[in-house]
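Colleague: let me see the structure of the following:
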Amino acid sequence: MNRSLPWGWIAFAGLVLLLPGPLGRLLLDLLGRLTLLLILLPLLAGAAGLIGWQLLRRRLKTCAACGFSSFGFDQCPACGAASPGSAAPGQQPLELDARSATITVEAVDVDAVDVQAVNRKPVDG
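Modeller: Predicted coordinates:
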């Protein structure tokens, strides 16, 4: 089944592309658009996939009890634990005073403190 190459059609296509006629311009324009489409389509699909993945990740919630990721249910589908952001029916959401939740840090001058006395641990003997 040895088929010969269609040299006649190849020569005709070459002449059409090389001649500056309207048919040659049309074929070059179509080839340019197809090439551009083949180059840009995977890039656009990748960008759309990346944006979709980011949106999906943002909506996923991880259960604090078991670590299962789900789509923002009030209860974890795997273990049944209530999610931290949701209040049980008939229960008021927990309100914390911000002053009691903050940590007070006091700055101490390192030169004024005896570092050896602070780091010394009692030795059981």
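
Colleague: next, name the residue at the spatial heart of the protein.
Modeller: By C-alpha atoms, centre = their mean, the mean C-alpha position of the chain lies nearest to residue 54, the distance being 3.9 Å.

Colleague: show me what counts as buried in the helix or strand encompassing it.
Modeller: Take DSSP states H and E as the rule and residue 54 turns out to sit in helix 22-59. Within helix 22-59, no residue qualifies as buried by neighbour count (16 or more other C-beta atoms under 10 Å). (C-beta placed from N, C-alpha, C; glycine too.)

Colleague: by contact count, what packs against that helix?
Modeller: helix 7-18 (3 or more C-beta pairs under 8 Å, 6 or more residues apart in numbering; DSSP states H and E).

Colleague: got the angle between the helix it packs on and helix 22-59?
Modeller: 80 degrees (axes from the mean of the first three to the mean of the last three C-alpha atoms, to 10 degrees).

Colleague: ok, and what's touching helix 7-18?
Modeller: Helix 7-18 has contacts (C-beta atoms under 8 Å, 6 or more residues apart in numbering) with 23, 24, 27, 28.

Colleague: gap between the residue nearest to the centre of the chain and residue 48?
Modeller: Distance, residue 54 to residue 48, using C-beta to C-beta, to the nearest Å: 11 Å.
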